[in-house]
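**Student:** below are the sequence and a predicted model for it; my questions follow.
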Amino acid sequence: MQGTPRKGSVGYRKGSITQGRRSSVEKLAEKKTDRLANYKMGKLLGQGTFAVVKLATYTDGLKTEKRAIKIVDTTRLNRKGREDLRREISIMKTLRHPNIICLLEEFEVPKKKKHYLVLEHCAGGELFDAICNREKYSEHEARVTMVQLCRGIKYFHHKNVVHRDIKPENLLYSTKVGLEEDAIESAELKIADFGLAHGIKRNQTLKVSCGTPGYAAPEVLSSQPYGMKCDIFSLGVVLYILLCGFPPFYDDEDSVVCEKIINGNWCFLEPFWDDVSEDAQALVSKCMHLDPDQRPTAEEILSDKWMTSEAELLKTKVLTVQKKLRQYNARRKFRAGIMLARLSVSLASAFSRKSQTSRGSTAAKISAALTEEKKVPENQAKSEQ
């Protein structure tokens, strides 16, 4: 058996290509492992199909801070999944805005077969949770929320990025929101989870149907070419819920929900909308227009009549949405948990048949399972309890 050539022997060449390449790979792996050593993992914050999100304490000798780490199991990603991950990372590296979650660093640890996305920790939790905890809530708070969301959307749209999954789970407060009257006004709201985001050039359209039933735009669900205005429709759905406490499209069957969206089957249901201002209702109608060309841009929304109304006037428009919103929030989270469990079972079943099929066949079955079940994006940073 031939051994490894020793220094000084004929077979040993200092600085050889093989030796140099091996050394570089080892050094790179060690460097990435060292980066992970700066983090002490804490509790689970969220869980998705291929990833978990954990709270971590970062220490580098100079500072200590809480961060959220999205840990992706790369062994469960097919080729498309790896491409999607690379796109998500690439997009997030270009985004730096107060109302967008910040990717602080990312690295892969080959030995663990994991990819780590380190994000700023949003200790304030989800938007709807914060509203549910408030004793008083008015159109002014709803307008303040919309201003922050529009600023974030305007920013990444100008960067030629479309999010494609604007929904409550992906709207997070950076710090805990107090119960003071001006607490929401002073809190910083961030748009998170760019897992479905995609770069898009001017006048370019996308065709892949994705997103979340109940929030996805009609042109997306009907497999029509679509652009950035799909985010505006989703924003309109969020605004609808902010103003009345329940969604414009609801049914136990997602297929029925999608059909309602495609047909524009929604209304301002009485008596729940009786006390909501006409200007607010008009903005909802604009954002949720069936024709994407008729929807305003994020920049146009910021100059809308309702958005520029006097703060004192909107404060008098007190909304009684908390009770209905708590009920909807509970149903939404319960269904998300059920869907995640179903998807996990589907994936486990696909992987269990791996020994009986080729790699390509198994990947096809996993892809089919994902097609049948809706994507449940991991909520990367919920509040500390």
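**Tutor:** Nice, thanks for sending it over.

**Student:** give me the phi and psi angles of Glu126.
**Tutor:** According to degrees, to the nearest 10, the main-chain angles of Glu126 amount to phi -70, psi 150.

**Student:** was I right about it contacting Glu169?
**Tutor:** Yes - between Glu126 and Glu169 a contact is recorded at 6.3 Å, counting by CB atoms under 8 Å. In short, each C-beta sits where N, CA and C put it, glycine included.

**Student:** where does the stretch 251-385 of the chain have low pLDDT?
**Tutor:** For the stretch 251-385 of the chain, the stretches with pLDDT under 70 are 334-385.

**Student:** those helices in it, which residues are they?
**Tutor:** Here the stretch 251-385 of the chain has its helices, by DSSP state H, counting those that start in this stretch, at 254-263, 278-287, 298-302, 311-315, 322-352, 359-372.

**Student:** the stretch 101-250 of the chain now?
**Tutor:** 127-132, 139-158, 183-186, 218-221, 229-244.

**Student:** check contacts around Asn38.
**Tutor:** Tyr58, Thr59, Asp60 (CB atoms under 8 Å, 6 or more residues apart in numbering).

**Student:** cool, Ile200 as well?
**Tutor:** So Ile200 contacts Asn160, Val161, Val162, Leu206, Gly227, Met228 (CB under 8 Å, 6+ apart).

**Student:** how about the residue nearest the centre of the chain: what's its closest non-neighbour residue?
**Tutor:** For the chain, the residue sitting closest to the mean C-alpha position, by CA atoms, centre = their mean, is Asp193 at 2.3 Å. Leaving aside its chain neighbours, Asp193 sits nearest to Asn170 (4.4 Å; criterion: CB to CB, 6 or more residues apart in numbering).

**Student:** now the closest residue in space to Asn99 that isn't next to it in sequence: how far from Tyr328?
**Tutor:** Using CB to CB, 6+ apart and skipping the chain neighbours, the partner closest in space to Asn99 is Gly152 (3.4 Å). Look at Gly152 and Tyr328: by CB to CB, to the nearest Å, they are 23 Å apart.

**Student:** may I see the buried residues of stretch 100-119?
**Tutor:** Within stretch 100-119, the residues scored as buried using 16 or more other CB atoms under 10 Å are 100-101, 103-104, 106-109, 114-119.

**Student:** pLDDT on that stretch, on average?
**Tutor:** For stretch 100-119, mean pLDDT rounds to 96.

**Student:** what does it rub up against?
**Tutor:** In contact with stretch 100-119 (CB under 8 Å, 6+ apart) are residues 29, 32-33, 35-36, 39, 56, 58, 67-75, 85, 88-89, 92-93, 95-96, 120, 122, 152, 155-156, 172, 190-194, 380-381.

**Student:** try 7 Å this time
**Tutor:** Residues outside stretch 100-119 that contact it (CB atoms under 7 Å, 6 or more residues apart in numbering) are 29, 32-33, 35-36, 67-75, 85, 89, 92-93, 96, 120, 122, 152, 155-156, 190-192, 380-381.
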